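>>> This is a predicted model, with the sequence first.
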Amino acid sequence: MAGRAYVGRVKTLTEEAVDRAEDFVWRTARILDRRRYDLLFHDGPAEPVLAALAAYRNPDGGYGNALEPDGRGPGSQPVTTLTALHVLHEASASPDGVVEYLESITAEDGGVPFVHPNIRDYPRAPWWQVSDTYEGSLLPTANLVGALWQAGVTHPWIDSAADFCWTRIEALTTTHPYEALGCVGFLDNAPDRSRAEESAARVGRLVRDNGLVRIGADGTVPEGYNPAELHAPHEYASTPASLARAWFTDAELSASLDDLVDAQHDDGGWRVRWESWTPATEHEWAGWFTIESLRTLKAYDRW
């Protein structure tokens with residue numbers, strides 16, 4: 001099949017498939033993602049990436065302005081700032097000012113909210129709901145702490161937010177796919193490796209026992225979810241080093257990566273599974289997700 005090759009019974013991207021993916025990025029992606037592609041896959045310079053990212057930064061040290069496509073408002077948002085942290089890490093750049101921003105929006109419980117109220121009057125995805133109460137959410141807080149640990153940042157806020165996350169994670173009796181993925185981001189980078197491994201094993205059991213993973217086209221979807229909300233094994237364990245790798249058999253992960261190879265569209269790009277609620281998000285997510293798909297396949301030697 002065009003764009004796929006079989007090596008040792010696993011599917012890999014052919015050179016032609018990689019070329020089509022690159023063409024897709026040059027034709028359709030935001031300038032930021034075009035710069036990221038050059039940095040990640042052609043050893044391009046970091047400076048153009050940082051210049052493109054700077055357009056999304058706000059004076060408070062956070063990031064907004066639809067860097068995370070589902071939030072279209074100008075104000076800084078926790079999950080949008082998380083996206084910026086990932087880009088800064090790719091570019092080996094220090095996340096200056098980010099901790100101070102997060103400190104300024106921290107709730108009394110020690111976490112940051114999933115959606116900050118400053119987006120209330122701006123377009124946003126239906127699932128970006130502003131809560132009636134201002135309280136911390138494990139999903140963004142865990143991801144943010146994990147990303148700051150990964151960047152080598154030390155700060156009292158990180159220690160306090162980490163305590164919030166450990167308490168929430170170790171008390172989990174149920175979870176949902178995005179929260180579980182946030183836990184992975186936290187635990188993969190936690191300095192206390194034995195505690196992280198123990199917690200990861202527990203979160204993994206919650207994921208598996210409650211069917212919060214998409215394994216094969218015929219998998220059972222738990223009540224209250226749709227298939228687009230369930231992550232595949234390669235999404236929980238986006239690199240072989242992730243603690244989530246232990247949640248899946250070799251066969252499950254291999255089949256998941258085969259599916260990712262197959263998911264490339266004829267135009268060379270990959271698409272997110274969740275709903276595109278406005279044409280701009282479909283366009284912007286496609287470039288980002290194409291790069292993330294290529295990164296995962298590269299990490300597992302699938303091209």
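Arrived safely.
>>> use CA for all of it now, contacts and neighbours both
Will do.
>>> What lies in contact with stretch 153-161?
Contacting residues not belonging to stretch 153-161 are listed as 99, 103, 110-111, 141, 145, 148 [C-alpha atoms under 8 Å, 6 or more residues apart in numbering].
>>> Could you list the low-pLDDT ranges of the stretch 151-300 of the chain?
Applying pLDDT under 70 to the stretch 151-300 of the chain flags residues 216-220, 224.
>>> helices or strands up against the longest helix seen in the chain?
As assigned by DSSP state H, the longest helix anywhere in the chain is helix 279-299. Here helix 279-299 touches helix 15-28, helix 31-42, helix 250-262, going by 3 or more C-alpha pairs under 8 Å, 6 or more residues apart in numbering; DSSP states H and E.
>>> Just the angle for the longest one relative to helix 279-299, thanks.
Using axes from the mean of the first three to the mean of the last three C-alpha atoms, to 10 degrees, the interaxial angle of helix 15-28 with respect to helix 279-299 works out to 150 degrees.
>>> how far does helix 15-28 sit from the chain's center?
Put simply, helix 15-28 sits 22 Å off its chain's centre (C-alpha atoms, centre = their mean, to the nearest Å).
>>> So for that helix, what gets flagged as buried?
17-18, 20-22, 24-26 (16 or more other C-alpha atoms under 10 Å).
>>> Helix 31-42 and that helix, what's the angle between them?
If you take the same axes, to 10 degrees, helix 15-28 sits at 160 degrees to helix 31-42.
>>> now do the last one
Using the same axes, to 10 degrees, the inter-axis angle of helix 250-262 relative to helix 31-42 is 120 degrees.
>>> How about residues contacting helix 250-262?
Here helix 250-262 makes contact (C-alpha under 8 Å, 6+ apart) with 4, 10-13, 215-216, 232-234, 293, 297.
>>> same question, the first one
Outside helix 15-28, the residues that touch it by C-alpha under 8 Å, 6+ apart are 2-4, 33-34, 37, 267-269, 283, 287, 290, 303.
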